[in-house]
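S.K.: Predicted model, plus sequence, below.
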Amino acid sequence: MSDHNTVLRDLGWEEGLTLAGCNQCQLVSLLPQGAVAQRCYHCGSKRVETIDPTTDLSSHLAPPELVVRQRLRGVQAATRLKEWGKWFFLQPNDAAHAALVSRLRLVYTPVWLMDTTVHTKWQAEVGFDYQVQSHRESYAGGSWRTQKVQRTKQDWEPRIGSMTLRFDNVPAEALERDISFTRLVQQPIIGLQTVEEAEPYRSESVSEATFCLPTRVPQDAVADMVPMLMEMAKNEVKSACRADHLRHFQWAPELGEQNWTKMLFPIWSTWYLDDDDRPRMIYINGLTGHGWGEKIPSMRRAWLFSGIFGGAAALLFVAGAILWIITQSVTPFFTLSAFGVLLLLVPLILILFVIYQKGRPDQFRMF
Ligand SMILES: [Zn+2]
């Protein structure tokens, strides 16, 4: 273990971290002491094992250059979890607020930032707005009136040119797209504004946190970035032409002078076990506080309530029958039976609700 610590410390990481991998979701991370024995912060699996840092991971193992520190402290993350649990019908016992808070972990997840110079020839049609005035005649109050009407029209012109653009700190995914962290938490919010909040990583500045390592090399992220760079290039052309609109943009970009930076982004993570002992994850964005969680109601609790309501319905039937015999009138029996039938609908609705919730394809819901 001392070798383990020495390798990580020599790379520039803080003391006391352990390199470990999850055998289920395949994420590799640096975990604080004791966390190897815990469930995976991303998928909830118990199959987390220590990895020898002298093996083949050296390219991914370097510390980040930049870190975006969390704005959301642990107490605030706990408050967000309370909000998540508010309308959770038939909540499994394991999803109690205190349990979720006790498992709450701060995870720093990686994002690549690319600097590059794009050289390209381009062609497009640029549109300019202009106003057209016309008149509309209308008959009202026994006389004709003329009204001026303004309309906006577009004039389109073809343009062609070449340009060299410099892009700095363009974010790209460092984790595979099917990883829930990327799809849910990172993708919607990572932008240039986030990058401005980043500060240089110092091993002592971020402690007691978990560090998720990239699963893809920067070169793999280049293809994903071209559409984003194209949008930026289109805006550049539009503003250079002082145009109001742009269409049919074509280009052949060459990305030169590339430089990549690894940035870490904070996510809070916790989990609970559903009825089938399957871990269900909840993530909270460490900057905005937006959360994504799986709400899987408990069938056990649904059956428990069904039993209570079913018992109450049976009692109403029996009471109705007794009253029928005593009063020699069938009316009280029908009245109480009607209430019993209504009560029987409740367990039916509860069970259908659980079956429906479990069968939904994507269980993550934003909160
Ligand atoms: Zn995992």
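M.R.: Cool, the structure landed.

S.K.: how about the residues of this protein that lie near the ion?
M.R.: By Cβ under 5 Å from the ion, the part of the chain that sits against the ion consists of Cys22, Gln24, Cys25, Cys40, His42, Cys43, Ser45. All C-beta atoms are positioned from the backbone trio N, CA, C, and that covers glycine.

S.K.: Is the second one in a helix, a strand, or coil?
M.R.: When classified by DSSP: H, G, I helix; E, B strand; the rest coil, Gln24 comes out as coil.

S.K.: how about the nearest residue to it, chain neighbours excluded?
M.R.: Ser45 (3.7 Å; Cβ to Cβ, 6 or more residues apart in numbering).

S.K.: what residues are up against the one you found?
M.R.: Ser45 makes contacts with Cys22, Asn23, Gln24, Cys25, Arg39, Pro279, as judged by Cβ atoms under 8 Å, 6 or more residues apart in numbering.

S.K.: does it count as helix, strand or coil?
M.R.: coil.

S.K.: go on, Leu316?
M.R.: Quick answer, by three-state DSSP: Leu316 is helix.

S.K.: so which of the contacts of Ser45 is the most crowded?
M.R.: Neighbour tally across the contacts of Ser45 (other Cβ atoms under 10 Å): the maximum, 22 neighbours, falls on Arg39.

S.K.: and that one, that's in a helix?
M.R.: No. Counting by three-state DSSP, Arg39 is not part of a helix but coil.

S.K.: Leaving out chain neighbours, which residue sits closest to it?
M.R.: If the residues on either side of it in the chain are set aside, Arg39 comes closest to Lys46, at 5.6 Å by Cβ to Cβ, 6+ apart.

S.K.: same question, Phe167
M.R.: Thr116 (5.4 Å).

S.K.: Repeat that for Asp168.
M.R.: Leaving aside its sequence neighbours, Asp168 sits nearest to Asp115 (Cβ to Cβ, 6+ apart; 4.8 Å).

S.K.: cool, Val330 as well?
M.R.: Trp324 is the one closest to Val330 (Cβ to Cβ, 6+ apart), at 5.8 Å.

S.K.: burial measure for the one you found, as a count.
M.R.: A total of 17 residues lie near Trp324 under the criterion other Cβ under 10 Å.

S.K.: Quick one: mean pLDDT for stretch 29-48?
M.R.: Mean per-residue pLDDT for stretch 29-48: 89.

S.K.: end-to-end on it?
M.R.: Taking Cα to Cα, to the nearest Å, stretch 29-48 runs 10 Å from one end to the other.

S.K.: for the stretch 1-150 of the chain, what spans make up the helices?
M.R.: Applying DSSP state H, counting those that start in this stretch to the stretch 1-150 of the chain gives helices spanning 2-11, 58-61, 74-85, 97-102.

S.K.: So Pro218 is in contact with Val170, correct?
M.R.: No. Under the criterion of Cβ atoms under 8 Å, Pro218 makes no contact with Val170, lying 11.3 Å away.

S.K.: do you know which of the helices of the stretch 1-150 of the chain lies nearest Leu336?
M.R.: For Leu336, the closest of the helices of the stretch 1-150 of the chain is helix 74-85, at 36.9 Å, according to Cβ to Cβ.

S.K.: and the residue in the stretch 51-200 of the chain positioned nearest to the ion, what does it touch?
M.R.: Closest approach between the stretch 51-200 of the chain and the ion, counting by Cβ to the ion: Ile179, at 9.3 Å. Neighbour list for Ile179: Cys25, Leu27, His42, Thr215 [criterion: Cβ under 8 Å, 6+ apart].

S.K.: give me every residue that touches the closest residue to the second one other than its chain neighbours.
M.R.: Looking back up the chat, that one is Leu27. In this structure, Leu27 finds its nearest non-sequential neighbour in His42, 5.3 Å apart by Cβ to Cβ, 6+ apart. Listed by Cβ under 8 Å, 6+ apart, the contact set of His42 reads Cys22, Cys25, Leu27, Val107, Ile179, Ser180, Phe181, Cys212, Ser269, Met281.
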